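1. Fold the following, please.
(one chain, ligands or ions: 1)
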Amino acid sequence: MDARAPKGTTDMLPSVARAWEYMTRIASELFARYGYEPIYSPLFEHTDVFTRGIGEATDIVSKEMYTFDDRAGRSLTLRPEGTASIVRAALEHTLVPQGAFAKLYYAGPMFRYERPQKGRMRQFWQIGIEILGAAEPSADAEVIALLVRYFEALSIASTRMRLLLNSMGDEVCRPAYRETVAAHIRSRSAELCEECNRRAETNPLRAFDCKLPSCQDVMSTAPLLRDCLCPECGEHYSAVKRYLDDIGIVYDEDPRLVRGLDYYTRTVFEIQAEGLGSQNAIGGGGRYDRLMEQYGGPATPGLGFALGFERTLLALQAAGVGIPAPLRADVYVACADPSLTDAVFRLTQDLRDAEIAAEMDHQGRSLKGQLKQADRLSAPHVVIVGPEEFAEGEITLRDMRTRGQSRVRLADIVGHMGSQLDGRSD
Ligand code: HAM
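-> Below you'll find the predicted structure:
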């Protein structure tokens, strides 16, 4: 047996899992302030949910999905992202009846069969939000502001981030624009790679994302969608920028930002962070006003974002931001004699029941070893249960900072610790 995790996956060991819990906690606190509620969808869906939603010609659908037949022969796919699933769930459960509005957030693993590298995994973790039922540009600005504020709440300085903004137009202006880009690709076909040539027929806008310098050169002279937006999309885009300006959110317009999912209409955005190398997009999103209809539902505008946990963690490390320290014990209950383990066990449980983080030894350590362990756990207090004191209904309480000791009645220790810790300065 190969004892290593599969390529492109990694175990979230406690130091990383702690960071994930921290990031999800900050997210749920912040998102609640903006009115979002949690939602959890299955990790796999009928394959159609993604092919139809994300688009057959995208890299995600054509190359990166984990698709398999289940035992009954249904084609299922591990979710490569959350938006398609949330919109499917909203349709199934009528979360957004006519004229209604839903604000949802989610967190969990996503799966894409990509070439693993720093910041790019096959199983990676996202936190995302979706607003369904909101067409107004103020919603776009709110979503973007929330993503920026989230990274700021994690202490990534805004100077270390770059917010890119674009409009992808809609079904009125984009088809003609796609044709213009396809024509541009065909006219320069000899200078472009095979894949970009193929894209002219399938998904011409993806050619903007080709990493080859020769292709980038050709695409740098391609017509830009912002010059071809219909009046409605143009107005919507201007209003989004105006709202962002009003609240001081700094952005760079990037007319070549196309993003890798076909469901987008109008606003798209991405946040890149310093110090990550080529996989520097820590979060991104946009509007998808036609997605619900593509699933056979009613016209329901939508928009949202997702941020990648692994890349955000790299951005935090690059910025020198620490994740809050591991859990420590408030009290270590040390056993001075093996005959007293029952009493130690009971007292530890009583302390925990009183909402005090208490720890005891489970490895038969000597008293000296237990005191060392208490130090390792940075426990500020140690309760020593010793035969003499115990016989008199007392224990020894040691303050690990001053090393001072006192005797406290066993019956009073839980209350005593509670009042000591209430006055602590964390
Ligand atoms: P996305 O840009 O494909 O958008 O992914 C969002 C974030 O997930 C990226 O910015 C990146 O941080 C992270 N990510 C993507 N792929 C990987 C990977 N292979 N390894 C590590 N991290 C990765 C979406 O997924 C859309 N659903 C966002 C959205 C929500 N749009 C509207 N609503």
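
2. Might you report the residue contacts of the residue nearest to Ala343 when sequence neighbours are not counted?
-> Setting aside the residues directly before and after it, Ala343 is nearest to Val385 in space (CB to CB, 6 or more residues apart in numbering), at 5.6 Å. Quick note: C-beta positions are derived from backbone N, CA and C, even for glycine. Val385 makes contact with 333-336, 340, 343-344, 347, 395 under the criterion CB atoms under 8 Å, 6 or more residues apart in numbering.

3. what does the stretch 201-350 of the chain have sitting close to the ligand?
-> For the stretch 201-350 of the chain, the residues in contact with the ligand (CB under 6 Å from any ligand atom) are 260-261, 281-286, 304-308, 310-311.

4. swap the cut-off to 5 Å and go again
-> 281, 283-285, 304, 306, 308, 310-311 (CB under 5 Å from any ligand atom).

5. got the contact list for stretch 28-41?
-> By CB under 8 Å, 6+ apart, the residues outside stretch 28-41 that reach it are 79, 82, 85-86, 88-89, 102-106, 108, 129, 142, 146, 149-150, 153.

6. Kindly recompute the last result at 6 Å.
-> Residues from elsewhere that reach stretch 28-41 (CB atoms under 6 Å, 6 or more residues apart in numbering): 85, 89, 103-106, 129, 146, 150, 153.

7. Which member of the residues you listed is positioned nearest Pro204?
-> Ser85 (27.6 Å; CB to CB).

8. Find me the pLDDT at the closest one, would you?
-> Note on Ser85: pLDDT of 98.

9. residues in contact with the helix or strand containing it?
-> Assigned by DSSP states H and E, Ser85 belongs to helix 83-92. With contact meaning CB under 6 Å, 6+ apart, helix 83-92 is reached by 41, 45, 49-50, 53, 79, 96, 104, 130, 132, 291-292, 295, 297.

10. again with stretch 176-194
-> Looking at what lies outside stretch 176-194 - CB under 6 Å, 6+ apart - the contacts are 197, 200, 204, 207, 212, 214-215, 218, 222-223, 225, 228.

11. Contacts only, for Leu164.
-> 252, 254, 257, 270.

12. Could you give the bridge partners of the residue nearest to Ala343?
-> Assessed by DSSP bridges, Val385 has beta-bridge partners Cys335.

13. and the residue lying closest to Arg365 once chain neighbours are set aside, what helix or strand is that in?
-> For Arg365, ignoring the flanking residues on the chain, the nearest one in space by CB to CB, 6+ apart is Gln373 at 6.4 Å. Assigned by DSSP H and E, Gln373 belongs to helix 367-376.

14. Identify the residue of the protein closest to the ligand, quick one.
-> Proximity to the ligand, evaluated over the chain using CB to the nearest ligand atom, is greatest for Gly308 at 2.3 Å.

15. If you rank the contacts of stretch 28-41 by neighbours, which is first?
-> Counting by other CB atoms under 10 Å, Ile129 has the largest number of neighbours within those, with 26 neighbours.

16. In three-state terms, how would that residue be classified?
-> strand (DSSP: H, G, I helix; E, B strand; the rest coil).

17. For the stretch 51-200 of the chain, just list every one of the strands.
-> Ranges of strands within the stretch 51-200 of the chain are 67-69, 75-78, 102-111, 123-132, 161-167, based on DSSP state E, counting those that start in this stretch.

18. What's the local residue count around Ala319?
-> If you count neighbours by other CB under 10 Å, Ala319 ends up with 18.

19. What is the neighbour count of Ser138?
-> 12.

20. residues contacting the residue of the chain closest to the ligand?
-> Counting by CB under 6 Å, 6+ apart, Gly308 has contacts 124, 126.

21. who does it bridge with?
-> Beta-bridge partners of Gly308, as defined by DSSP bridges: Gln126.

22. what's the distance between it and Ile26?
-> To Ile26, Gly308 is 15 Å away according to CB to CB, to the nearest Å.

23. Check Val16 too.
-> 16 Å.

24. got the contact list for the most centrally placed residue in the chain?
-> What sits nearest the mean C-alpha location of the chain, by CA atoms, centre = their mean, is Ile127, with 2.8 Å. By CB under 6 Å, 6+ apart, the contact list for Ile127 reads 27, 107, 307.

25. Over to the closest residue to the last one other than its chain neighbours. Which of the three states is it?
-> Across the structure, with CB to CB, 6+ apart as the measure, the residue nearest Leu307 apart from its sequence neighbours is Gly283 (3.2 Å). Taken by three-state DSSP, the conformation at Gly283 corresponds to strand.

26. who are the neighbours in contact with Gly283?
-> 147, 271, 305, 307.

27. how about 7 Å then?
-> 147, 271, 305-308 (CB atoms under 7 Å, 6 or more residues apart in numbering).

28. Please apply the same query to Gln117.
-> Gln279.

29. Grab the nearest non-local neighbour of Ser278.
-> Using CB to CB, 6+ apart and skipping residues adjacent in sequence, the residue nearest Ser278 is Gln117, 7.6 Å away.

30. Bridged to that neighbour, which residues?
-> Following DSSP bridges, Gln117 is listed with bridge partners Arg120.

31. Tell me where the model's unsure across the chain.
-> 327, 423-426 (pLDDT under 70).

32. Excluding chain neighbours, what is closest to Tyr263?
-> Nearest one to Tyr263, counting by CB to CB, 6+ apart, is Tyr288 at 4.1 Å.
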